[in-house]
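Q: Could you work out the structure for the sequence below:
(3 chains)
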Amino acid sequence: MASMKEFIDRRELTGRELLAALFATNFTIILALLLGVKIYTEKDFTQTIPAPWVFAGIQWLLQYVSPVWAGVYLPMALVLIIVLFPYLSRIIHRAAVYLLWIVLLLITALTAFGYLVRI
Amino acid sequence: MPTLVKLYLDSGGLRSKLGRGNKVEKKLRSSLLDFLTHIHPPRINRRIIGFWPTMCMGGLSFFLFIVLSATGLLLMLFYQPGDSQLALASITVIQDVIPYGGFVRSLHKWAGQLMVFTVMLHLIRVVLTNAYRPPKELNWVIGVILLIFTVALDFSGYLLVGDVVAREAGKIASALMGEVPGIGGYLQQIVFAGNNPLTALGGLRVYIWHCLFLPMLSFLLMGWHFFRVRKDGGVEWPL
Amino acid sequence: MTRRKFISVVMAVVGLLTLKGIFSFTSGSSQGETIVTDIFPSAQSIAIGGAILGRREMVWLVRDDKGYYALDRRCPHLGCLVKWEEGQFVCPCHHSKYQVDGSIFSGPTGKALAPVKLELDEQGNMIADTSQIVSRQWRLKV
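A: Below is the predicted model of the structure:
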């Protein structure tokens, strides 16, 4: 039986990928139909004009920290840690993984917090 | 699902339909499907191709990139780059006048947000499955550069709409870019063609980044990224 | 020096010059600052202590008991356009607040709103020119 084989050949792999693409297309189309998109005017916002959600953390931070630190140095430092992670891992092993997790959690927490408080 | 897979396997390419019998051809021919098949590794462990542990996030990201390119091309047929009032007017036309325009725009936007998500989940998966260990470090760096490009594509697309959130976001980005010590002015010139992204030349520059430079660079890097995956031993079990 | 080394050096120099050329090209600028002026056709009708926006929505015109003055609407923090909320100017991006004369009240901003030159033209409209800064006490008396 084909399903007993430990390995599958590239033709079946491609077939599976095409099916996955089909499912993913449908999912994205349904998402697009459900959520929709609009053009924003000044009247839509009373409190804050929101930055894109990826930068919600930076927008919140810019209220309290100087722009150079919040907008330039901090993102650059975080990105640098993420980029150099494998090389750090060669030097300090497990500690690098913990450092990366801290950085990723920090980014997630900042973004989520900035997104939720700006309504 | 297995029936559909079996149908594809047994099709054997176009030539087998032209009267050479229903045998499954072992050799790949040269149709478009055969080209896509050739890019894949010859064999792969069955346990790796399920949803866990890879979540297929890498493949999904690439697929979303294809969707974004296709919907983006369609939007380019009607979008007017440059002056933000003209751009906003063209987006309004796309949404309200062009048939299915709102749907194409919605698909483009949400595929973009999803892609940022899938790329981040892919990064987390790579960390959890130790797929950054030697000799795969360079591939990690390429991947992070692709992450930065994805976020840059997301943001530049956001700016192109030209509505009030886009205009304010453009000003903030331009101001922050100017704050970079030393090269701030140059950065503003390269990214926004000046310190005001709301001029016609600024809008055109963001358009060129979003529709030409960044997608082409991303596609090139993605090709290299996939090539390296296979060269470094492929997606293997155990991870 | 071998031919190979010579050509390598020449190609390296040419490559660096090309990179510099590309850099100069992409960072070239073809325009200076755009001067923003704004016009207030119905300026006479605001009450004392009130503020209205110009036609281009880039400048606030404020009237107090001493006369009229104009404030550049761009927040000196990072450039968003400030709103008017009951006697205060508020920036919708990072919530910098400015008093009615434009000086800082609270928030992350480092500079106050810029008071800009206000003039009366022949038809009786007020024109504001954001390229000319005036002192905070200056008023246009009409």
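Q: starting at the chain centroid, how far to the helix or strand C:Ser8 falls within?
A: Taking DSSP states H and E as the criterion, C:Ser8 maps to helix C:3-26. Distance of helix C:3-26 from the chain centroid (C-alpha atoms, centre = their mean, to the nearest Å) equals 41 Å.
Q: now swap in stretch C:116-129 and tell me
A: 18 Å.
Q: Also stretch B:27-41?
A: Its chain's average C-alpha position is 22 Å from that of stretch B:27-41, according to C-alpha atoms, centre = their mean.
Q: list the buried ones in that stretch?
A: B:Leu33, B:Asp34, B:Thr37, B:His40 (16 or more other C-beta atoms under 10 Å in any protein chain shown). In short, each C-beta sits where N, CA and C put it, glycine included.
Q: Need the residues you listed in CSV (columns: pLDDT, distance to chain C and secondary structure).
A: What follows is the buried residues of stretch B:27-41, written out as CSV (pLDDT from 0 to 100; distance: C-beta to the nearest C-beta, whole Å; DSSP: H, G, I helix; E, B strand; the rest coil):
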residue, pLDDT, distance to chain C, secondary structure
B:Leu33, 82, 40, helix
B:Asp34, 83, 40, helix
B:Thr37, 84, 39, helix
B:His40, 85, 37, coil
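Q: Of those, just say which sits nearest to C:Val10.
A: For the buried residues of stretch B:27-41, the residue nearest C:Val10 by C-beta to C-beta is B:His40; the value is 43.4 Å.
Q: And the residue nearest to the closest one when sequence neighbours are not counted, how far from B:Ser61?
A: With sequence-adjacent residues excluded and distances taken as C-beta to C-beta, 6 or more residues apart in numbering or on different chains, B:His40 is closest to A:Arg10, at 4.2 Å. Using C-beta to C-beta, to the nearest Å, one gets 21 Å for the distance from A:Arg10 to B:Ser61.
Q: Just want to know which of these two has more residues nearby.
A: B:Ser61 (23 against 17; other C-beta atoms under 10 Å in any protein chain shown).
Q: Do I have it right that the more buried one meets B:His122?
A: Yes. Contact criterion C-beta atoms under 8 Å: B:Ser61 and B:His122 qualify, at 6.0 Å.
Q: Could you list the domains of chain C?
A: C:1-30, C:37-133 (automatic domain parsing).
Q: Tell me which of these sits nearest to A:Val72.
A: Comparing the domains of chain C by C-beta to C-beta, domain C:37-133 comes nearest, at 12.3 Å.
Q: what packs against the host helix or strand of A:Asn26?
A: Element membership of A:Asn26, judged by DSSP H and E, is helix A:10-35. Counting contacts by 3 or more C-beta pairs under 8 Å, 6 or more residues apart in numbering or on different chains; DSSP states H and E, helix A:10-35 packs against helix B:2-11, helix B:32-39, strand B:43-45, helix B:57-76, helix B:101-128.
Q: averaging pLDDT over each of these, which comes out lowest?
A: Ranked by mean pLDDT, those bottom out at helix B:2-11, with a mean of 64.
Q: how is chain B carved up into domains?
A: According to automatic domain parsing, the domains of chain B span B:1-40, B:53-231.
Q: How about the longest one and chain C, any contact?
A: Yes. Contact check for domain B:53-231 against chain C, using C-beta under 8 Å from any C-beta of the partner chain: residues in range are B:168, B:171-172, B:174-176, B:186, B:189-190, B:193-194, B:196, B:199, B:201.
Q: nearest residue to the residue nearest in space to the middle of chain A other than its sequence neighbours?
A: Compute the mean C-alpha point of chain A, and by C-alpha atoms, centre = their mean the closest residue is A:Val54, 7.2 Å away. Closest residue to A:Val54 apart from its sequence neighbours, by C-beta to C-beta, 6+ apart: B:Val151 at 6.0 Å.
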